[in-house]
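Peer 1: Starting from these lines, generate the structure:
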Amino acid sequence: MSVRGDAWAYFGDDRPHVIEPSFDDAEGWVRLGEIPKEESAFWKACDLQQKGGAPSAWRTKVDFYLHVYADSPALPLLGSGEVTAAEPFWLGFVPFVGIDRLFVSNAKVARAAPAHRTPARHPGLIPVPHRTLGFRLRLGEQGSYFDDVR
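Peer 2: Numbering: from 1, shown residues only. As a prediction, the model looks like this:
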């Protein structure tokens with residue numbers, strides 16, 4: 001099963017409910033871009049949740065990078081200035097090709113400055129120009145990173 005990593009944002013205060021077959025059809029969601037396959041900490045968090053994994057193995061926060069498309073309406077809210085000035089958001093994503101499920105973060109995602117090196121991709125592999133920004137995923141009150149909404 002290959003990684004898909006399509007990322008979406010919802011900037012509302014309350015955790016959104018998604019009952020649509022895709023984020024395209026769900027009200028209030030905007031397309032961000034993609035979570036690079038190289039973001040092993042993020043994908044490990046997904047895999048731990050998918051396979052059950054011992055909760056003691058789950059970190060309370062996971063830093064990762066996201067390629068935000070230059071034409072995404074979310075880019076101005078994520079800011080180019082201070083990391084702390086960026087608007088936190090609910091992260092929605094489709095993690096794997098061939099899985100007909102959507103996932104939404106259990107806590108808001110915020111801009112961060114991850115310590116590891118920014119993943120580089122050949123510009124021809126991304127369909128539109130992008131900015132690579134760092135984010136932080138937190139463990140939600142339910143003790144998981146994401147809810148499977150489908």
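Peer 1: Which pLDDT value goes with the residue nearest to the spatial centre of the chain?
Peer 2: Centroid-nearest residue in the chain, with Cα atoms, centre = their mean: Leu91, separated by 4.7 Å. pLDDT, Leu91: 93.
Peer 1: Can you name the residues that contact it?
Peer 2: With contacts defined as Cβ atoms under 8 Å, 6 or more residues apart in numbering, the neighbours of Leu91 are Ala7, Trp8, Ala9, Val104, Ser105, Val109, Phe135, Leu137. Just so you know, the C-beta spots here come from the backbone N, C-alpha and C atoms, and that holds for glycine as well.
Peer 1: ranges for the strands of this protein?
Peer 2: 3-10, 30-34, 61-69, 90-96, 103-105, 110-111, 130-138, 146-148 (DSSP state E).
Peer 1: Name the nearest residue to Ala41, sequence neighbours excluded.
Peer 2: Val62 (5.0 Å; Cβ to Cβ, 6 or more residues apart in numbering).
Peer 1: which residues touch Ala9?
Peer 2: Residues in contact with Ala9, defined by Cβ under 8 Å, 6+ apart, are Trp29, Val30, Leu32, Ala74, Leu77, Phe89, Trp90, Leu91, Gly92.
Peer 1: Cool, thanks, signing off.
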